[in-house]
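# Any chance you can model this:
(2 chains)
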Protein chains: 2
Amino acid sequence: MGFHTKIHTTIRRSFDVCSNLIVHDVLEDGKKEENKVIKFQYPKDLKKQLDLEIQDKSSTVDELMELCKSTIDNSVRTTHPFFNNQLWQGVDAVGLAGLYLAHALKTSVYTYEMAPVFLLVENAILQKIRDLCGFSEGDGIFCPGGSMGNMYAINLARYQINPEVKTKGVRGYQQSIIFTSDVSHYSITKGASFMGIGSDNIQIVKSDDAGRMLPDELEKAIVSTKEKGDTPMIVVATSGTTVQGAYDPLDKLADVCEKHGVWLHVDGAWGGSVLLSRQHKYKMKGVHRADSFSWCLHKMMGVPIQCSVLVLNKKGDLLKRCHGVSASYLFQSDKFYGAGYDTGDKSLQCSRLADAFKAWFMWKAKGDLLLEREIDHKFDLAKVDIGNIYLYGM
Amino acid sequence: MGFHTKIHTTIRRSFDVCSNLIVHDVLEDGKKEENKVIKFQYPKDLKKQLDLEIQDKSSTVDELMELCKSTIDNSVRTTHPFFNNQLWQGVDAVGLAGLYLAHALKTSVYTYEMAPVFLLVENAILQKIRDLCGFSEGDGIFCPGGSMGNMYAINLARYQINPEVKTKGVRGYQQSIIFTSDVSHYSITKGASFMGIGSDNIQIVKSDDAGRMLPDELEKAIVSTKEKGDTPMIVVATSGTTVQGAYDPLDKLADVCEKHGVWLHVDGAWGGSVLLSRQHKYKMKGVHRADSFSWCLHKMMGVPIQCSVLVLNKKGDLLKRCHGVSASYLFQSDKFYGAGYDTGDKSLQCSRLADAFKAWFMWKAKGDLLLEREIDHKFDLAKVDIGNIYLYGM
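Now for the predicted structure:
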């Protein structure tokens, strides 16, 4: 009994110590201009200073505090006013609080009875996002990153053309082609390789000088694919490219996709947040005509990493049919309240984090209007950045 | 200025309120026997009680506190002494503290300069895990769940047989076959579908009554696959099946795999934690002969969800060659300290959480010996459970 009480006390003390350090050293000190963004050390030097090795014996609370301090001291202060990454800035404290709560409850969101609140929250936020897109109905799922969101979309498009691929594989079927611009995200390439399609079967479409996919070039590529006897499978458009922040002309791309019956996916990993801004949402005009949309709420919107979503503009159970394997020991269908809330089989993952909760909590806290102001402010800052780049020739 | 100060104060207050609730209502009250594990409510009733809708305006701190309280009140108390899931129990407070720190620093672990401490920690823990497996050298990566770990292994095995598949896809090549037991995890099926292999190209191998794959049956299946002109690609063995907790006989499976030159992957998602126990590690005898091993540290070991790893028993840059696309704007190779620490291109993901840190922090805190005691204790409890099942006929 004494042994367990002692462990419990150590655990609680180390938890308290770490929580205090986070509030003071990360969230408060991390924001002070006079501190450095990063105290760079070479790997060989840093290794000598960190006590990396795991021992047989337990650490004391003081040793743990030292580990926390070294970690904070030698990490990048992403909340520092001089830190600027093209994809995100430091953590939002309300989002972080939501994340803490979800993780403290240690739940995996596969069934309603395991995660009642988290699944209702996920449903509510998926509906909110579909409303922002102008999708009149549909489905969706949170997934581990924007790359996976794009891959899910490719898999759904492939399955819709030929459901047999799920059991028979892609051998023996027509070659299926992915269309995307020459400045789109590299996850399309990673996905094509991973999914057995092969990166050679991505048809790269030219973009203009500002990085926007050229609709005429897309149409030419689709026609030429058909002439070769291959199947145009999906067009992956980008709303916010990584380097230039370009938005593909969705309305014109949707015209081409509709004409040729090709799935239109919008990769809004970074740029999708403009849907919250009355001033900037014109950049995604036509998104309501897309078949799917992926968005990382941990990027421009500021939710803690990771928080990525894929939403579908179509009623029905495509996600479940495409990804599901109906593992009977996990997903019983004879529930007295219905199995409609269970999401486990819509996902490629088994254990799945309640990522939706931190986004919902932060969004509830700020409301649409405050988030809109924050997003508009980021675009204003970008103008200043661009001005400085021209001015100082960086 | 007044506007921003007000936001800042609200944010800090809501963060503090939520942190206090976590400590008292989740970590302390959640453990009390007299409280319920779950206060079940039908979805339609719960929806009425939760204020799910996101509004234009910001919420007050009191409203946020109500949201937190409703969430805790209506969620499953996984830390409750009567809660028992086959895969995990409630969160470990030290692991949670490590997770909080990593998330507060909001970092993605793609390059050394972005995440110096987290990458060194990931390297240290990968080395520790390879040592536990008896892998003399090798590589590894943390990935979003055990399902993805298994899929990574399949992709690596496929790439090793024929690197061209990465660019050309699987069409036009020999049919490649996955071997796994009839009680293995459903992620093999999900992966085969997602990766364009097709679930029909999994060769199911019979297991004995205790759920252990039969090595003779495996050999027969491999021989018959070769006779058909297909390529045996990978054997996915399980260390700890989901329902029975069975461990496949790795040494005998390794004999078969060596004889036929087939990649041996060990799915230790749940059961891999026995490697920490001198009493139970015999269950995985022969693991040092596997090509790869995947393990969820968030299951039996108790790290907060998610924390999954894949380690390889082979020197070289297979992970990077198989998954990498060398996006030059992210992964510069002309670094003055070398690019050897950069992991971004080893992963299928782009943004990637510092999952290794929470595991390392908890492991440092407890040390090998205390973790061993905890794992041994779980096996002792399982004996009690089984006794009760027989006794009460459940």
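# Report the buried residues of the helix or strand containing residue A:369.
Secondary structure assignment for residue A:369, by DSSP states H and E: helix A:355-392. Applying a neighbour-count criterion of 16 or more other Cβ atoms under 10 Å in any protein chain shown, one finds A:355-366, A:368, A:370-372, A:374-376, A:378-379 buried in helix A:355-392. C-beta here means a position set from N, CA and C on the backbone, and glycine is covered the same way.
# Run through the helices of the stretch 251-394 of chain A in chain order.
Under the criterion DSSP state H, counting those that start in this stretch, the stretch 251-394 of chain A contains helices at A:318-323, A:355-392.
# picking that back up, filter the buried residues of helix A:355-392 down to the ones near chain B?
A:357, A:360-361, A:363-366, A:368, A:370 (Cβ under 8 Å from any Cβ of the partner chain).
# which of these lies closest to residue B:148?
residue A:357 (21.4 Å; Cβ to Cβ).
# my read: that closest one touches residue A:116, true?
No: Residue A:357 sits out of contact with residue A:116 when judged by Cβ atoms under 8 Å, with a separation of 12.0 Å.
# Quick one: neighbours of residue A:74, just the number.
18 (other Cβ atoms under 10 Å in any protein chain shown).
# List the contacts of it.
A:39, A:41, A:46, A:49-50, B:116-117 (Cβ atoms under 8 Å, 6 or more residues apart in numbering or on different chains).
# The same query, at a cut-off of 7 Å, please.
A:39, A:41, A:46, B:116-117 (Cβ atoms under 7 Å, 6 or more residues apart in numbering or on different chains).
# try residue A:79
A:27, A:30-31, A:90-91.
# which of the residues you listed sit farthest apart?
Between any two of the contacts of residue A:79 (Cβ to Cβ), the greatest distance is 11.0 Å, for A:31 and A:91.
# Looking at these two, which is more packed in?
Set residue A:31 next to residue A:91 and count neighbours by other Cβ under 10 Å: residue A:91 wins out with 25 against 15.
# what's the nearest residue to the more buried one if we skip its chain neighbours?
residue B:106 (3.9 Å; Cβ to Cβ, 6 or more residues apart in numbering or on different chains).
# Next, the residue of chain A found nearest chain B: phi, psi?
Closest to chain B within chain A is residue A:196: 2.2 Å, counting by Cβ to the nearest Cβ. Main-chain torsions, residue A:196, degrees, to the nearest 10: phi 80, psi 10.
# Quick check: which ranges of the stretch 251-394 of chain A have low pLDDT?
A:327-334, A:393-394 (pLDDT under 70).
# Can you tell me which residues in it are near chain B?
With Cβ under 7 Å from any Cβ of the partner chain as the criterion, the stretch 251-394 of chain A meets chain B at residues A:298, A:304-306, A:323, A:325, A:327, A:329, A:337, A:341, A:348-351, A:353, A:361, A:363-370.
# Could you say which helix or strand holds residue A:119?
helix A:116-133.
# which helices and strands does that helix pack with?
strand A:139-143, strand A:308-312, helix A:355-392, helix B:43-49 (3 or more Cβ pairs under 7 Å, 6 or more residues apart in numbering or on different chains; DSSP states H and E).
# what about 10 Å?
Using 3 or more Cβ pairs under 10 Å, 6 or more residues apart in numbering or on different chains; DSSP states H and E, the elements in contact with helix A:116-133 are helix A:93-104, strand A:139-143, strand A:292-296, strand A:308-312, helix A:355-392, helix B:43-49, helix B:61-73.
# mind putting the ones you listed in JSON lines, distance to residue B:127 included?
Output for the helices and strands packed on helix A:116-133, formatted as JSON lines (distance: least, Cβ to Cβ, whole Å):
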{"stretch": "helix A:93-104", "distance to residue B:127": "26"}
{"stretch": "strand A:139-143", "distance to residue B:127": "30"}
{"stretch": "strand A:292-296", "distance to residue B:127": "31"}
{"stretch": "strand A:308-312", "distance to residue B:127": "30"}
{"stretch": "helix A:355-392", "distance to residue B:127": "30"}
{"stretch": "helix B:43-49", "distance to residue B:127": "46"}
{"stretch": "helix B:61-73", "distance to residue B:127": "39"}
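# Can you tell me which of those is nearest to residue B:161?
strand A:139-143 (28.7 Å).
# Now do that closest one: which elements does it pack against?
helix A:116-133, helix A:146-161, strand A:292-296, strand A:308-312, helix A:318-323, helix A:355-392.
# what's the neighbour count on the closest residue to residue A:302 other than its chain neighbours?
Residue nearest to residue A:302 in three dimensions, not counting chain neighbours: residue A:92, with 4.5 Å by Cβ to Cβ, 6+ apart. Residue A:92: 24 surrounding residues under other Cβ under 10 Å.
# could you dump the contacts of residue A:79 to TSV with secondary structure?
What follows is the contacts of residue A:79, written out as TSV (DSSP: H, G, I helix; E, B strand; the rest coil):
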residue	secondary structure
A:27	helix
A:30	helix
A:31	helix
A:90	coil
A:91	coil
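# which among those residues gets closest to residue B:218?
For those, the nearest to residue B:218 is residue A:91 (48.1 Å; Cβ to Cβ).
# Break chain A into its domains for me.
Using automatic domain parsing, the domain parsing of chain A gives A:2-83, A:102-373.
# where does residue A:175 fall, phi/psi-wise?
According to degrees, to the nearest 10, residue A:175 has phi -70, psi 130.
# same question but for residue A:115, I mixed them up
Dihedral angles (degrees, to the nearest 10) for residue A:115: phi -140, psi 60.
# From what I see, it and residue A:355 are in contact.
No: applying Cβ atoms under 10 Å as the test, residue A:115 and residue A:355 come out as separate, 11.8 Å apart.
# what do the two both touch?
A:102, A:109, A:122 (Cβ atoms under 10 Å, 6 or more residues apart in numbering or on different chains).
# got a winner among these for most neighbours?
residue A:109 (28 neighbours).
# What is the neighbour count of the nearest residue to that one once chain neighbours are set aside?
Counting by Cβ to Cβ, 6+ apart, residue A:109 lies nearest to residue A:115, which is 4.4 Å off, once chain neighbours are set aside. Residue A:115 has 25 neighbours, counted by other Cβ under 10 Å.
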